[in-house]
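>>> Pasted the sequence and its predicted model underneath.
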Amino acid sequence: EPPYAHEHKVALLAAQRAVLVTRKVLELFLSSPSTSTATSSTSSAREQGKGVLSKSDTSPVTLADFAAQTLIVSALRRHFPHDAIIGEESAAALRDDRTLLDVVWALVDATRLDDRDADGWLGRPASSEEMCDLLDFAGGVAMSNGAASASAPVGDDDDDDDDGGGGGKARRTWTIDPVDGTKTFLLNTHYAVVVALVEHGIDQVGVVACPRLTLPPKALDNTHKSTLSEATAADPHDPQSGYMLSAVRGHGAQLRKLGRGALLPGQPIAPRGPGDVHNLVFVDGESRVGDARHAIVRELRASPCHHI
C-alpha cells in the first residue's frame, strides 16, 4: 500500500461527506419557506439571516461551516487520534445559542453517505455535546474535561501533548477549511471543502472538493488536455456535479467525480514540466476582480485570469 493511503482515503471521504451537508444547507436556505421541509428550528434560523454569523474579523460564518467542520473532524479524530487539527470555527456561538445549536446538530445528524459501510467507517459524533467538543478541539479551545472527552487530543509522548487542536508541538497536523469561499458560497457560486495533512512542516496529503465545478466530459481521460477556461459553475441542484482533486507527496495527483457514497474511481493527473512563464494560466474567483495581485499577472505577461 502506498504511503499515506489511509490518510488519503479518510481525507477524500470526509471531504465528500462534508460536501453533502454544504449542499443541504444551500438547498435549505435557497428554497422558499413554502417548499422547504425545514423544522421550526431551521425556519427560525432562516429568519435570523439565513444562518449567517460574523466573526470578530467580520468574515461570515454559515451553518455549513459548523456542520462540515464537525463531520471532517469526527473522521480525523476517529482514525488519527494522535494528530493535531486546525479548523476554522469553535463552538462558542453554538453554546450561546440553543436554536443555532439544534439546527447545526440536525444537519450533522441527518447527513450520511449513501454507502452505510463507508459512513460507518468514517465515524460521527453521537450527540450535540460531542459535536461542540469536536469543533472546540479543532478551533483551538482546550478541553475542560481532559482526556475523558471523545474529542480530547491523545499524545503519544510528552513532547506531542497539546491541550487543544491547534498544532502545538504535534508532528502531524491536519488543516481544514470546511467552506473555502464563504462569501461565494452565500452567493451560490464556487466554493470548496479543503483538507490537508502537514507532517514536520511539510504538506503530505491534500484534498480539494469543488461541488460547483464542471469540466468537459473527457476531463477524466488522461489524454484530454483540458484548459481552465473550460471550467464552469455547475447547477447547484445537480447532486452529480462537482469534482475532487487530491495529491500525495511523491505519488502524484488525482481527479475524481464527487459522489454520495463510496469513493468513485480517480484518474491520475499527468504532471506538466516547467515551461515558459507566459503560458501560465491564473484562475481566481469573481469576487477578486480588480485585486492588486492581478498586477503581478500582467507584469508576468501571463494569460489573463479566468474568473469562475
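Cool, the structure landed. Predicted model only: the values in this text are computed from it and were never measured. Residues are numbered from 1 along each chain as shown.

>>> now residue 12, what's its secondary structure?
Put simply, residue 12 is helix when judged by DSSP: H, G, I helix; E, B strand; the rest coil.

>>> measure the closest residue to residue 200 other than its chain neighbours to residue 196 for me?
The shortest distance from residue 200 to any non-neighbouring residue, by Cβ to Cβ, 6 or more residues apart in numbering, is to residue 171 (5.9 Å). In short, each C-beta sits where N, CA and C put it, glycine included. Distance, residue 171 to residue 196, by Cβ to Cβ, to the nearest Å: 15 Å.

>>> These two: which has the busier surroundings?
Neighbours per residue (other Cβ atoms under 10 Å) separate residue 171 from residue 196, with residue 196 holding more: 19 against 15.

>>> For residue 17, give its distance to residue 109.
Using Cβ to Cβ, one obtains 13 Å as the distance from residue 17 to residue 109.

>>> Ok, residue 213 next?
For residue 213, the distance to residue 109 equals 28 Å [Cβ to Cβ].

>>> again with residue 179
Distance from residue 179 to residue 109, by Cβ to Cβ: 19 Å.

>>> Ok, residue 203 next?
From residue 203 to residue 109 the distance is 32 Å (Cβ to Cβ).

>>> do residue 14 as well
From residue 14 to residue 109 the distance is 17 Å (Cβ to Cβ).

>>> swap in residue 128?
8 Å.

>>> Same check on residue 93?
19 Å.

>>> likewise residue 182?
With distances taken as Cβ to Cβ, residue 182 is found 23 Å from residue 109.

>>> One more: residue 257?
If you measure residue 257 against residue 109 using Cβ to Cβ, the figure is 26 Å.

>>> check contacts around residue 18.
67, 68, 69, 71, 72, 178, 193, 209 (Cβ atoms under 8 Å, 6 or more residues apart in numbering).

>>> Can you add pLDDT and distance to residue 121 and give those back as CSV?
CSV is the format used below for those (pLDDT from 0 to 100; distance: Cβ to Cβ, whole Å):
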residue, pLDDT, distance to residue 121
67, 96, 20
68, 97, 19
69, 97, 20
71, 98, 13
72, 98, 14
178, 96, 20
193, 97, 19
209, 97, 18
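
>>> which one among those gets closest to residue 97?
residue 67 (14.7 Å; Cβ to Cβ).

>>> got a list of what the closest one touches?
Neighbour list for residue 67: 18, 21, 22, 24, 25, 104, 107, 108, 111, 178 [criterion: Cβ under 8 Å, 6+ apart].

>>> Buried residues of stretch 101-118, list them for me.
Buried residues in stretch 101-118, counted by 16 or more other Cβ atoms under 10 Å: 101, 102, 103, 104, 105, 106, 107, 108, 111, 112, 113, 118.

>>> Just the pLDDT at the third one, thanks.
Looking back up the chat, that one is residue 103. Here, the pLDDT recorded for residue 103 equals 91.

>>> when you give positions from now on, start the count at 514
All right, first residue 514 from here; so that's residue 616.

>>> I'd say it and residue 576 touch.
Yes: in this structure, residue 616 is within contact of residue 576 by Cβ atoms under 8 Å, at 6.1 Å.

>>> So which of the contacts of residue 580 are in helices?
Under the assignment DSSP state H, the contacts of residue 580 contribute 531, 534, 535, 537, 538, 617, 620, 621 to helices.

>>> could the residues you listed go into a markdown table alongside distance to residue 522?
Output for those, formatted as a markdown table (distance: Cβ to Cβ, whole Å):
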| residue | distance to residue 522 |
| --- | --- |
| 531 | 15 |
| 534 | 19 |
| 535 | 21 |
| 537 | 23 |
| 538 | 25 |
| 617 | 26 |
| 620 | 24 |
| 621 | 21 |
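
>>> ok, so of those residues, who is nearest residue 648?
Distance to residue 648 across the ones in helices among the contacts of residue 580 (Cβ to Cβ) is lowest for residue 617, with 9.0 Å.

>>> what about the helices in the protein?
Applying DSSP H to the chain gives helices spanning 518-543, 553-560, 576-592, 605-609, 611-623, 629-635, 641-651, 695-699, 807-813.

>>> Which stretch among those helices is buried most, on average?
Highest mean neighbour count among the helices of the chain (mean count of other Cβ atoms under 10 Å): helix 576-592, with a mean of 27.

>>> CA atoms of that one as CSV?
Backbone C-alpha positions of helix 576-592 (Å, rounded to 0.1, in the frame of the first residue of the first chain) are rendered in CSV as follows:
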residue,chain,number,x,y,z
LEU,A,576,-24.3,26.7,9.3
ALA,A,577,-22.3,24.9,6.6
ASP,A,578,-19.0,25.9,8.2
PHE,A,579,-20.0,24.4,11.6
ALA,A,580,-21.6,21.2,10.2
ALA,A,581,-18.9,20.5,7.6
GLN,A,582,-16.1,21.0,10.1
THR,A,583,-17.8,18.7,12.6
LEU,A,584,-18.1,15.9,10.1
ILE,A,585,-14.5,16.2,9.0
VAL,A,586,-13.0,16.5,12.4
SER,A,587,-15.0,13.5,13.7
ALA,A,588,-13.5,11.3,10.9
LEU,A,589,-9.9,12.6,11.6
ARG,A,590,-10.2,12.1,15.3
ARG,A,591,-11.5,8.6,14.9
HIS,A,592,-8.7,7.5,12.5
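
>>> That's all I had, so thanks and see you.
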